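Engineer: here is the input, now give the coordinates:
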Amino acid sequence: MPAPPPIPVFRRTRTIVARDLDLLDHVNNVVWLRFVVELAEAHSNALGLDFATLRGLGGIWVVRRHELDYHRAANEGDEILEETWVSELRGARSVRRARLRGARSSALLLAATTHWAFVEALRARAPDATVLEGVRYVRDGNLVTAAGVSAGIDMALWLVGQIWGVDRARRTQRLMEYDPAPPYQAEV
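Structural biologist: Numbering: from 1, shown residues only. Just a heads-up that it's a prediction; the model follows:
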């Protein structure tokens, strides 16, 4: 069978307005995240996969994790070029990338990676299993599983805490300069 066609890159422009700014008169960090989510939604809608259609297919895409890399500030009146694409699609999980650039300068302002899960499809793959949302790692008897790469680090730190104690786990976390939010909590 031939491979399915790749999902096209979606592009649009946006102009920064006063409500997008913080006290430093540039785009607020939370607003950058909103831009990334709105862009993903617009791309999905352009593909004919709006919220109602996805529900009709038996589920919705939910965010598992966002990674935002800030490169330059954007100010009121700036026009930005937003582009997004799905870089990985495996079963009920996907990875979406986004780049936001100055429309005139082409300077990279923000790069983002978002990990998504199609919740109901994940449940359908294993109907006897309980799919936990918003949980980074799970212990079930002698089995511990993690939701992704950084969640695997959290899980490993938890294991260090179980084997060698909470102080060792926290020291390990500091030594590897891993500073998640929320921070390591062995008491989980």
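Engineer: now V9: closest residue in space, sequence neighbours ignored.
Structural biologist: Using C-beta to C-beta, 6 or more residues apart in numbering and skipping the chain neighbours, the partner closest in space to V9 is W85 (4.5 Å). No exception for glycine: its C-beta is placed from N, CA and C like everyone else's.
Engineer: who's that neighbour bridged to?
Structural biologist: Going by DSSP bridges, W85 is paired in beta bridges with R97.
Engineer: gap between it and H43?
Structural biologist: 8 Å (C-beta to C-beta, to the nearest Å).
Engineer: likewise D22?
Structural biologist: Taking C-beta to C-beta as the measure, D22 falls 26 Å from H43.
Engineer: of the two, which one has the most company?
Structural biologist: Neighbours were counted for D22 and for H43 using other C-beta atoms under 10 Å; H43 has more, 23 against 11.
Engineer: and that one, what are its phi and psi?
Structural biologist: Torsion angles at H43 (phi, psi; degrees, to the nearest 10) stand at phi -60, psi -50.
Engineer: from now on call the first residue 24
Structural biologist: Fine by me, first position is 24 from now on; the one you just mentioned is H66.
Engineer: and the pLDDT at it?
Structural biologist: We have a pLDDT of 95 for H66.
Engineer: ok, now which ones touch it?
Structural biologist: H66 makes contacts with F33, T107, W108, as judged by C-beta atoms under 8 Å, 6 or more residues apart in numbering.
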